[in-house]
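Engineer: missing the sequence, but the structure's below:
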């Protein structure tokens, strides 16, 4: 588990409007993924495998605001989402959404910390 922040997500009531806003305001590259109802956001250039080429930089995504994910979310890299969620609960947090596959790329999960913030987890597919 690296524990590094590796991704961000921004919910939107109108995803197309949000795409336009971030593209125009910051020059971000936005790539809709209709099959996943998601938009990939590149804030910096990436390598062929989608990893940011600038040290310390992260990219993210936009999605339709709904359910428990109503505010921007940071996502932390972990070796195993299920184990990380168990550690979160042991430390006083609560699981919001358990482990979910993200295509063939990996797995995600969401929790609230002791302050009520929703935070994401990411596990690369093996």
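Structural biologist: Sure thing, it's come through. Remember, it's a predicted structure, so these values are computed and weren't measured experimentally.

Engineer: and residue 87, backbone torsions?
Structural biologist: phi -70, psi -40 (degrees, to the nearest 10).

Engineer: Roughly how far does it sit from residue 54?
Structural biologist: Remark: distance between residue 87 and residue 54 (Cβ to Cβ, to the nearest Å) = 30 Å. Quick note: C-beta positions are derived from backbone N, CA and C, even for glycine.

Engineer: before we move on, what about residue 9?
Structural biologist: 20 Å.

Engineer: now residue 13
Structural biologist: 31 Å.

Engineer: returning to that earlier point: residue 9 and residue 54 - which one has more neighbours?
Structural biologist: residue 9 (21 against 10; other Cβ atoms under 10 Å).

Engineer: which residues does the residue nearest to the more buried one when sequence neighbours are not counted contact?
Structural biologist: Of all residues not flanking residue 9 in the chain, residue 73 sits nearest, at 4.5 Å (Cβ to Cβ, 6 or more residues apart in numbering). Residues near residue 73 by Cβ atoms under 8 Å, 6 or more residues apart in numbering: 8-9, 11, 110, 118-120.

Engineer: where does the residue of the chain positioned farthest from its centre fall, phi/psi-wise?
Structural biologist: What lies farthest from the middle of the chain is residue 90; by Cα atoms, centre = their mean that is 22.7 Å. Backbone torsions for residue 90, taken as degrees, to the nearest 10, come to phi -60, psi -30.

Engineer: I appreciate the help and will end here.
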